[in-house]
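> return a 3D structure for these sequence lines:
(2 chains)
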Amino acid sequence: MTSSSGDETIGSDNAPRAIVAGHGSLPQGLVNAVDCISGRGSDFLVFSNYGLTGIDIEEKLREEAALHGIKVFFTDLPGGSATVAVRRMMRTDSALVLVTGANLSTLLEFAFQTEASPAEAAKAAADKGRGTLVAFGDGEAKPVVPTGDR
Amino acid sequence: MSVALYRIDDRLIHGQVVVGWGQPLNIGFIVLVDDNVACCDWEQDLYRMGVPPEMELFFADVPSAIRDHHKYLTDPRRGIVVTPDIETMQRLVQGAGTIHDVNVGGIHHRVGRTPRLRYVFLTPDEEQQLAALAEGGVKVSAQDVPNARQVGLQELLTSRAPEERTA
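As a prediction, this is how the structure comes out:
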């Protein structure tokens, strides 16, 4: 499945355990990066909300989750359409787990949490992703010290 | 400061509204005008989650939004008013009487709708509703995000977007 508004898997070894949903081609890019780094891209289905109504997003996510028995969702923006759709799904399925603001570290951590329950793996992934957000530097230029003088 | 944008968007509160428009326009409040959301606490919680703390979010059905429209206009902050569909915006425009510009921001694919732009799909009835708004003196245009080109109603109604859906 490769349409711009549909979903697809990347890699071929593992059955998908989570859906990565969000804006534009970000989900595909994130999962592609997971596959490049770990070869575990097929742990994820990717889903773009491009061109879809909120109702369509929810319907398609429900279909894919049911088809693959998936309980874990990663989304990009906490207030995005995909997040809203999954929150609606959670209203009728308390076993679903949602992680918003997902980044590459989040997905990598989840991919390697193969023994944990979906909820535990998702929580560990969220913690990992949160911890990798760091701003370096104070924005003030300083003289460069040549490495040979250290 | 007044209402900076009256927007028709079937996704209501989402990234394009809160971040895309909200940040460059320095938006302080959003009014979500939707009869179905206004009567449901759970739905309101859902949308509240997507709005940063510095932005206030009001929920209103159409009669309440008409009643409070003057308050929105005189609020010292800038605001966005969002409706889920053309018909709701039409009722608001008719009731408020002081809305001069309407932004078509996102009406997505559904059976019976023709793709006009990559983010605007319209049925013949919806096209008539937009035309009626314009005949009533409202400037109707389509624009999904601030950096995109603003498309006037005439062009919108005669455009034909490719079948591939992007928005």
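
> contacts and neighbour counts: CA atoms only from here.
Noted.

> can you tell me the SS state at residue B:70?
Residue B:70 carries the three-state label helix when classified by DSSP: H, G, I helix; E, B strand; the rest coil.

> check residue B:116 too.
For residue B:116, the secondary structure call by three-state DSSP comes out as strand.

> residue contacts, it?
Contacts for residue B:116 were tallied using C-alpha atoms under 8 Å, 6 or more residues apart in numbering or on different chains; they are B:122, B:156, B:157, B:158, B:159, B:160, B:161.

> can you select the buried ones among the residues you listed for me in ChimeraX?
Selection command for ChimeraX covering only the buried members of the contacts of residue B:116, criterion 16 or more other C-alpha atoms under 10 Å in any protein chain shown:
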select /B:122,156,157,161
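
> of the contacts of residue B:116, which is the nearest to residue A:38?
Each of the contacts of residue B:116 was scored against residue A:38 by C-alpha to C-alpha, and residue B:161 proved nearest at 39.2 Å.

> isn't there a strand covering that closest one?
No. The assignment for residue B:161 by three-state DSSP gives coil, which leaves it out of any strand.

> ok, it - contacts?
Per C-alpha under 8 Å, 6+ apart, neighbours of residue B:161: B:115, B:116, B:117, B:118.

> the closest residue to residue A:81 other than its chain neighbours: neighbour count?
The shortest distance from residue A:81 to any residue that is not its chain neighbour, by C-alpha to C-alpha, 6 or more residues apart in numbering or on different chains, is 5.7 Å, and that residue is residue B:14. Residues near residue B:14, counting by other C-alpha atoms under 10 Å in any protein chain shown, number 23.

> please apply the same query to residue A:100.
As a burial measure, the neighbour count of residue A:100 was computed by other C-alpha under 10 Å and equals 20.

> next: the one 4 residues further on.
Other residues near residue A:104 come to 19 when the count uses other C-alpha under 10 Å.

> pLDDT below threshold where in chain A?
Per-residue confidence for chain A (pLDDT under 70) gives these ranges: A:1-13, A:147-150.

> correction: the previous question concerned chain B.
By pLDDT under 70, the weakly predicted segments of chain B are B:1, B:163-167.

> specify the beta-bridge partners of residue B:57.
In this structure, residue B:57 has beta-bridge partners residue B:30, where bridges are defined by DSSP bridges.

> follow-up on the earlier one: was I right to think the residue nearest to residue A:81 contacts residue A:83?
No. Taking C-alpha atoms under 8 Å as the definition, residue B:14 is not a contact partner of residue A:83, at 9.3 Å.

> what does chain A have sitting close to chain B?
Taking C-alpha under 8 Å from any C-alpha of the partner chain as the criterion, chain A approaches chain B at residues A:4-5, A:50-54, A:77-81, A:84, A:87.

> between these, which sits nearest residue B:28?
Once C-alpha to C-alpha is applied, the member of those that ends up nearest residue B:28 is residue A:79, at 16.4 Å.

> quick check: residue A:47 is in a helix.
No. Assessed by three-state DSSP, residue A:47 does not belong to a helix; its assignment is strand.

> hmm, back to that, just the buried residues out of the contacts of residue B:161, in PyMOL syntax.
Burial among those is assessed by 16+ other C-alpha under 10 Å; the matching PyMOL selection reads:
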select buried, chain B and resi 115+116+117+118
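
> the chain: strands as residue ranges?
Just so you know, I chose chain A. When secondary structure is read from DSSP state E, chain A shows strands at A:7-9, A:18-22, A:44-48, A:72-75, A:97-99.

> should've been chain B
All strands of chain B, identified by DSSP E, fall at B:2-9, B:27-33, B:56-60, B:78-83, B:101-106, B:114-117, B:120-122, B:139-142, B:151-152.

> turn those strands into a markdown table, including distance to residue A:108.
A markdown table is the format used below for the strands of chain B (distance: least, C-alpha to C-alpha, whole Å):
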| stretch | distance to residue A:108 |
| --- | --- |
| strand B:2-9 | 34 |
| strand B:27-33 | 36 |
| strand B:56-60 | 35 |
| strand B:78-83 | 37 |
| strand B:101-106 | 34 |
| strand B:114-117 | 37 |
| strand B:120-122 | 36 |
| strand B:139-142 | 39 |
| strand B:151-152 | 42 |
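
> and residue A:14, which of those strands is closest to it?
strand B:101-106 (36.6 Å).

> quick check: end-to-end length of stretch A:19-35?
Terminal residues of stretch A:19-35 lie 14 Å apart, using C-alpha to C-alpha, to the nearest Å.

> try stretch B:133-151
Between the opening and closing residues of stretch B:133-151 there is a gap of 16 Å (C-alpha to C-alpha).
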